[in-house]
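sequence isn't available, so here's the structure alone:
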């Protein structure tokens with residue numbers, strides 16, 4: 001793993017469009033302060049036509065360690081990476097671009113482990129999963145579910161060709177469902193995941209009811225603004241175990257931090273970090 005100097009201002013970024021809502025700078029800067037690292041982490045608004053230029057410009061900067069990638073660039077950045085991790089290639093999405101010592105760009109996906117670990121901690125051991133959405137984050141979630149032994153995944157998306165594309169790209173079987181039949185798809189589910197932006201501040205409400213969801217099912221919403229989404233509030237009220245968006249966000253950031261700065265973040269201080277992120 002690359003050793004990062006603490007005497008120079010090495011830095012990394014998170015890029016996306018929009019990006020103002022990102023909590024990633026607070027996460028990485030908190031960990032850097034805890035570890036005494038002289039590094040910076042910045043959020044940068046990058047529009048889709050500018051992704052290639054952004055990466056080429058920063059690739060030439062030896063102080064730049066890389067960038068996290070969020071909506072809508074997780075698939076677009078793959079074309080500009082010199083190498084992909086086997087996981088990123090399997091998922092078909094990159095959320096972490098790392099500048100190597102030879103200035104080449106390495107694409108990885110830390111969303112998979114960021115999603116999987118909290119689900120395992122809640123006791124998930126397989127069983128039907130219903131995933132709402134079919135974007136870049138959904139690809140990582142599906143990969144994580146498969147790695148955890150799930151072989152019954154229902155995906156709900158307006159454009160069902162996106163679901164077919166994921167199935168072909170990843171070489172797996174997926175059941176496609178439209179939003180009109182989403183409520184009934186929840187029967188016998190062991191986990192429900194919202195991988196869309198629906199329910200986020202400024203976005204439309206999530207058009208689903210939980211009447212047919214077993215009370216034993218785990219409900220995971222990757223939205224973190226607001227942290228307590230309407231979906232999580234309804235699930236909590238009916239007795240379902242819930243996982244909020246900060247769990248995956250912090251989990252994927254931990255792997256990215258290691259890749260960027262060469263040190264493991266102090267996860268024993270997660271409670272303090274969550275307080276900072278929710279204050």
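Looks like it arrived, so ask away. Note that the coordinates shown come from a computational prediction; the quantities given were computed from them, not determined experimentally. Numbering: from 1, shown residues only.

which stretches of this structure have low pLDDT?
Across the chain, the ranges flagged by pLDDT under 70 are 1-8.

which residue ranges of it form strands?
Under the criterion DSSP state E, strands of the chain are mapped to 10-16, 39-45, 64-69, 83-84, 96-99, 105-108, 129-132, 153-156, 175-177, 191-194, 218-221, 241-243.

so what touches the fifth one?
Contacts with strand 96-99, where a contact means CB atoms under 8 Å, 6 or more residues apart in numbering, come from 55, 58-59, 64-69, 77, 81, 105-110, 252, 255-256, 259-260. Heads up, the C-betas are built off the backbone N, CA and C, glycines and all.

likewise the last one?
Contacting residues not belonging to strand 241-243 are listed as 118, 119, 122, 123, 217, 218, 219, 220, 221, 232, 235, 236 [CB under 8 Å, 6+ apart].

what is the nearest of these to residue 191?
The shortest gap between residue 191 and any of the contacts of strand 241-243 belongs to residue 218, at 4.6 Å (CB to CB).

any idea how far the residue nearest the centre of the chain lies from residue 28?
Nearest residue to the geometric centre of the chain (CA atoms, centre = their mean): residue 111, 4.1 Å. Using CB to CB, to the nearest Å, residue 111 is found at 16 Å from residue 28.

give the buried residues for stretch 178-189.
Within stretch 178-189, the residues that qualify as buried by neighbour count (16 or more other CB atoms under 10 Å) are 182, 185, 186, 189.

those residues: which two are farthest apart?
Largest separation among those by CB to CB: 182 and 189, giving 11.1 Å.

longest helix of the chain?
Using DSSP state H, we find that the single longest helix of the chain is helix 245-261.

between that helix and strand 64-69, how many degrees?
Inter-element angle recorded for helix 245-261 and strand 64-69: 160 degrees (by axes from the mean of the first three to the mean of the last three CA atoms, to 10 degrees).

starting at the chain centroid, how far to helix 245-261?
For helix 245-261, the distance from its own C-alpha centre to the chain's C-alpha centre is 9 Å (CA atoms, centre = their mean, to the nearest Å).

please spell out which residues along it are buried.
Buried, per 16+ other CB under 10 Å, within helix 245-261: 245-257, 259-261.

now for those residues, which pair is the farthest apart?
245 and 261 (23.5 Å).

what does stretch 255-268 rub up against?
Taking CB under 8 Å, 6+ apart as the rule, stretch 255-268 contacts 1-4, 10, 12, 27-28, 31-32, 34-35, 37, 39, 65-66, 68, 95-96, 98, 108, 110, 113-114, 253-254.

just the buried residues of those residues.
The neighbour count (16+ other CB under 10 Å) marks 4, 10, 12, 27-28, 31-32, 37, 39, 65-66, 68, 95-96, 98, 108, 110, 113-114, 253-254 as buried among those.

where do the helices sit along the stretch 101-250 of the chain?
In the stretch 101-250 of the chain, the helices defined using DSSP state H, counting those that start in this stretch lie at 111-121, 136-147, 160-170, 182-185, 230-238, 245-261.

any chance of those helices in TSV, with distance to residue 195 too?
Shown next, in TSV, are the helices of the stretch 101-250 of the chain (distance: least, CB to CB, whole Å):
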stretch	distance to residue 195
helix 111-121	9
helix 136-147	4
helix 160-170	11
helix 182-185	13
helix 230-238	12
helix 245-261	10
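
of all these, which one is nearest residue 208?
Closest among the helices of the stretch 101-250 of the chain, once you apply CB to CB, is helix 182-185, at 5.0 Å.

distance of residue 58 from residue 97?
Remark: distance between residue 58 and residue 97 (CB to CB) = 9 Å.

sorry, wrong one. I was asking about residue 248.
19 Å.
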